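**Q** the following comprises the amino acid sequence and a computationally predicted model.
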Amino acid sequence: MANEKNLIPFDERPEAEVRELGRRGGIASGAARRRKRALKEAADLYLSLPVTDKRVYNKLSRKGVPPEDMDNQMAMLSGLHAAACCGDARAAKVLVDILGDNSQENPAEDQLQKARELLEGVESAID
């Protein structure tokens, strides 16, 4: 490795330097946590905003979603559902994960069963 001679293990550094590096690491860790929390709050706020696109609003309305539940989160779930029904396995997996399927006995069979149930629900809604 290049410049390996420049690396000094913590047990060979002075105690004050180790303490200072730990303090800096703690400060950086706190800043990263705050950034991550702010991003999560912003995403939560955005997803809770009402749908403004009339086409998306009408599509959700045709699917039977009540007007008070029409937000960006519902639109996103509707899109995931449509993609999963068209055969997108990753969208189906995301939906199953959102539903909280944590059974460990036979997860592949459980996911297959959930996908079948979703498809049956879509087929009955189309009829």
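**A** Here it is on my side, so go on. Numbers count the residues shown, from 1 in each chain.
**Q** for this protein, longest helix please?
**A** Using DSSP state H, we find that the single longest helix of the chain is helix 15-48.
**Q** convert the C-alpha atoms of the helix or strand following that helix to PDB, please.
**A** Toward the C-terminal end, the helix or strand that comes next after helix 15-48 (DSSP states H and E) is helix 54-62. What follows is helix 54-62 as a C-alpha-only set of coordinates in PDB (Å, rounded to 0.1, in the frame of the first residue of the first chain):
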ATOM      1  CA  LYS A  54     -54.500  16.200 -11.900                       C
ATOM      2  CA  ARG A  55     -53.700  13.100 -13.800                       C
ATOM      3  CA  VAL A  56     -52.300  11.300 -10.700                       C
ATOM      4  CA  TYR A  57     -55.300  12.600  -8.700                       C
ATOM      5  CA  ASN A  58     -57.800  11.300 -11.200                       C
ATOM      6  CA  LYS A  59     -55.900   7.900 -11.400                       C
ATOM      7  CA  LEU A  60     -56.000   7.600  -7.600                       C
ATOM      8  CA  SER A  61     -59.700   8.600  -7.600                       C
ATOM      9  CA  ARG A  62     -60.600   5.900 -10.100                       C
END
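**Q** report the buried residues of helix 54-62.
**A** V56, Y57, K59, L60 (16 or more other Cβ atoms under 10 Å). The way it works is simple: take the backbone N, C-alpha and C, and place the C-beta from them, glycine included.
**Q** number of residues surrounding A89?
**A** A89 has 11 neighbours, counted by other Cβ atoms under 10 Å.
**Q** again with L95
**A** Count around L95 with other Cβ under 10 Å applied: 20.
**Q** which element, helix or strand, includes it?
**A** Assigned by DSSP H and E, L95 falls in helix 89-99.
**Q** surely L99 is in contact with K114?
**A** Yes: the pair L99 / K114 is scored as a contact, 7.0 Å apart, by Cβ atoms under 8 Å.
**Q** and stretch 111-121, what's buried?
**A** Within stretch 111-121, the residues that count as buried by 16+ other Cβ under 10 Å are Q111, K114, A115, L118.
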